[in-house]
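Asks: Got a predicted structure here, sequence first:
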Amino acid sequence: MKKMWRALLVPVLVLLSVNAFAGKFTLSSRSFSNNGKIPLKYVKGANGQNISPQLQWSNAPNGTGSFVITCIDKNPVAQDWVHWMVINIPSQVTNLSQGSSKSNMPVGSRELNNGFGNKGYGGPQPPPSTGVHKYVFTIYAIKPARIKIGRNKYSLTERELLKLLRGKILAKATYTGTFSNK
């Protein structure tokens, strides 16, 4: 009986110790604090400079083939407005530098059109007097190395992207910034 318990217990302890050191998949930024106000430098409207923020991530799960990043305005007025959508970020990449959109993206990655109809990052530009908007940056660690969308397909809604990623997501992490146009 003791041998049976030991045989069952050892694999469980090994699994627990491996997971304890693996760490949680996380997304962070030096551009603004999580749940903090997004500085004007990263804003499209309100005299902002429309520069993409710095993002970094760690502890991607084993088997990650590539990453997908989105920035979505979750305010009900915005109806999940896409501010940034990047697919096919190579698995060895762990950060995007400030201002990388449209000029310094990792080789192989593809920036899709944002809700403004432009390729790349489009910073916050909420309608006046609509309150505080939450801009949720999400990174998905996915199984395939490349997501294939049609050559003439330049934009996706968040819903379309999630449908495309169904069954391929290994992990996801989020980081939120806020902005209001008073």
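Replies: That came through, no problem.
Asks: give the contact list for the nearest residue to residue 128 once chain neighbours are set aside.
Replies: Closest residue in space to residue 128, ignoring its immediate chain neighbours: residue 181 at 5.0 Å, by C-beta to C-beta, 6 or more residues apart in numbering. Backbone N, C-alpha and C define where each C-beta goes, glycine included. By C-beta atoms under 8 Å, 6 or more residues apart in numbering, the contact list for residue 181 reads 45-46, 125-130.
Asks: Let's have those in TSV, adding secondary structure.
Replies: Output for these, formatted as TSV (DSSP: H, G, I helix; E, B strand; the rest coil):
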residue	secondary structure
45	coil
46	coil
125	coil
126	coil
127	coil
128	coil
129	coil
130	coil
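Asks: quick one: which of the residues you listed is nearest residue 78?
Replies: Within these, proximity to residue 78 (C-beta to C-beta) peaks at residue 126, which comes in at 6.9 Å.
Asks: From residue 55, how far off is residue 30?
Replies: Taking C-beta to C-beta, to the nearest Å as the measure, residue 30 falls 9 Å from residue 55.
Asks: Figure out the helix or strand that the residue nearest to residue 128 lives in.
Replies: Under the criterion DSSP states H and E, no helix or strand holds residue 181.
Asks: phi, psi of residue 160?
Replies: Residue 160 adopts backbone torsions of phi -60, psi -40, taken as degrees, to the nearest 10.
Asks: So for it, what's the pLDDT?
Replies: Model confidence at residue 160, given as pLDDT, is 95.
Asks: can you check residue 7 too?
Replies: 47.
Asks: Next: the one 10 residues further on.
Replies: pLDDT recorded at residue 17 is 38.
Asks: Please apply the same query to residue 145.
Replies: The model's pLDDT for residue 145 equals 89.
Asks: Tell me how many other residues crowd it.
Replies: Other residues lying near residue 145 total 12 when counted by other C-beta atoms under 10 Å.
Asks: Near the nearest residue to it once chain neighbours are set aside, how many other residues are there?
Replies: Nearest non-adjacent residue to residue 145, counting by C-beta to C-beta, 6+ apart: residue 65, 4.0 Å away. Residues lying near residue 65 (other C-beta under 10 Å) number 16.
Asks: how far away is residue 65 from residue 126?
Replies: Separation of residue 65 from residue 126 (C-beta to C-beta): 35 Å.
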